[in-house]
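Sequence and computational prediction follow.
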Amino acid sequence: MLAQLIMSYSEQEEIVLVGHSHGGNVINIASQLLYKLTQHEKPALHTELNSIVLELPLFITTPNFHMLATTKTGSQPQALYSEDQLTQDLVTQAVTELRHWAVKFLTRSNANRSIEFSYLLGTPVNMAKFWPSMEIIKHMILLYSDGDFIQPVLGMFEKTYPAHQRCSNVKVKLYASGQTGKAPSHADLHHPVIGRWLLCIPKILTQLKMGKFENFKFGTNGTINFYGDKEPDYLA
């Protein structure tokens, strides 16, 4: 659905996305799908489109539980951990709808297939499954915290992304009004004090030479201190 929304915009629009926790991995999966679609500009057959769509996982929600469903190229949808017919029907419907919009939007000459900026807040990092496609994402910042014990998911995920020239991992400290500095929790990574400045990082703050953001460089990691009563500052 996110990939569909992105492709509905013209190429002149700049797409900026913000994802908290696994919301960031939704962005990453959308970027993977968009990249696959760019490699198949004119799919002539549904079978060719199947090879694009069916390589990706689908997350299906029923009234009673959440489930991951997946398929192999050219195969019928197979549900994991469930033999429930309703769930199987939901998987089949999801794949059918995904094929439908892919055919529709692949024919749009002005479809936008790039993401100008991706801000990820405490997103669990798993490069094996949820890697960001940097062919689609032009710039990406991951904000993480030493006080976030949810992001690693009991050690199954990492906290930062590997080095990339257009990606930066930035540690966050929060100084809310009347409070001493702290490493924010998973939920506090979308604290209003952070949200107020998020879309200004780094371009606007760099241009205004505020908070030492002129020292910010993509491809390197650093720390941002957020304050309740003034602009944030950046430490390389």
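Happy to help now that I have it.

Averaging pLDDT per element, find the lowest-scoring helix or strand in this protein.
Ranked by mean pLDDT, DSSP states H and E, the weakest helix or strand in the chain is strand 78-79, scoring a mean of 42.

all helices of this structure, in order?
Assigned by DSSP state H, the helices in the chain fall at 2-7, 23-38, 46-53, 85-106, 192-195, 203-207.

could those go into TSV alongside mean pLDDT?
Output for the helices of the chain, formatted as TSV (pLDDT from 0 to 100):
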stretch	mean pLDDT
helix 2-7	87
helix 23-38	92
helix 46-53	46
helix 85-106	69
helix 192-195	94
helix 203-207	95
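
now, of those, which is deepest in the fold?
Scoring the helices of the chain by mean neighbour count under mean count of other CB atoms under 10 Å gives helix 23-38 as the most buried, with a mean of 22. For glycine as for every other residue, the C-beta is placed from the backbone atoms N, C-alpha and C.

ok, which stretches of this protein are strands?
Using DSSP state E, the strands of the chain run over 16-20, 58-61, 66-70, 78-79, 115-121, 137-144, 167-175, 222-227, 233-235.

Now the residue nearest to the spatial centre of the chain: closest residue in space that isn't a chain neighbour?
Closest residue to the average C-alpha location of the chain: Ile27 at 2.7 Å, with CA atoms, centre = their mean. Of all residues not flanking Ile27 in the chain, Gly19 sits nearest, at 4.6 Å (CB to CB, 6 or more residues apart in numbering).

And Ala176, by the same measure?
Gly228 (4.6 Å).

what do you get for Ser21?
That would be Gly122: by CB to CB, 6+ apart, it lies 5.5 Å from Ser21.

for this protein, which spans come out with low pLDDT?
Low-confidence segments of the chain, defined by pLDDT under 70: 40-84, 87-88, 91, 99, 101-110, 177-179.

Quickly list the domain ranges of it.
24-106, 117-235 (automatic domain parsing).

possible to save those domains as CSV with distance to Met1?
Formatted as CSV, the domains of the chain follow (distance: least, CB to CB, whole Å):
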stretch, distance to Met1
domain 24-106, 9
domain 117-235, 16
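
right, so of the ones you listed, which gets closest to Gln12?
domain 117-235 (14.8 Å; CB to CB).

and the closest one, how far apart are its ends?
From its first residue to its last, domain 117-235 covers 21 Å (CA to CA, to the nearest Å).

From Ile137, how far out is the residue nearest to Asp188 when sequence neighbours are not counted?
Spatially, and ignoring its direct neighbours in sequence, Asp188 is nearest to Leu174 (6.2 Å; CB to CB, 6+ apart). Using CB to CB, to the nearest Å, Leu174 is found at 26 Å from Ile137.

any idea how far Ser10 is from Gly147?
Gly147 sits 41 Å away from Ser10, going by CB to CB.

swap that for Ala128, sorry
34 Å.
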